[in-house]
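Asks: Requesting a structural model of the entry that follows:
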Amino acid sequence: MRWLSALVIGFGALVAAVWSAPAATSPVVAAQPGAGTSAAGSGGLIALACPAGDNRQQLTVVDPNMKVVGVYHIDTATGDIVLKSVRNIHWDLQMVEFNGGSPSPREIRTLLEQR
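Replies: Alright, predicted model coming up:
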């Protein structure tokens, strides 16, 4: 479960990095989730690695310029790399809320406006 926490923290950092990164070109920035390395603002590709079970590593690659996330699984015994998913997150990040708990941002705003 520790790797899941690291993945969630890493994904939060990815979203922040994608959203705030300038449109410049630079080399890949690699970071291990939870290792205290920040890739935000680099402008190049961002790569985050974490364990993904038996003899597997998950590699998440973010292109902040295109706002695209790609996820790969790497077999650490053989070196085989499998692309698991690719997603353009531009429109995802335009949502105010999704799959969240209560109180929602809208509910909080309504409560604050009633004061």
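
Asks: tell me which helix or strand of the protein sits lowest on mean pLDDT?
Replies: Between all helices and strands in the chain, the lowest mean by mean pLDDT, DSSP states H and E belongs to helix 2-20, at a mean of 45.

Asks: Tell me, how many residues neighbour Met66?
Replies: By other Cβ atoms under 10 Å, 13 other residues sit near Met66. Just so you know, the C-beta spots here come from the backbone N, C-alpha and C atoms, and that holds for glycine as well.

Asks: try Gln58
Replies: Other residues near Gln58 number 19, with proximity taken as other Cβ under 10 Å.

Asks: gap between Pro64 and Ile108?
Replies: Distance from Pro64 to Ile108, counting by Cβ to Cβ, to the nearest Å: 29 Å.

Asks: ranges for the strands of this structure?
Replies: Counting by DSSP state E, one finds strands in the chain at the ranges 29-31, 46-51, 56-63, 68-75, 81-88.

Asks: deepest of the ones you listed, which one?
Replies: With neighbours defined as mean count of other Cβ atoms under 10 Å, the strands of the chain peak in mean count at strand 46-51, which reaches a mean of 20.

Asks: Nothing else from me, thank you.
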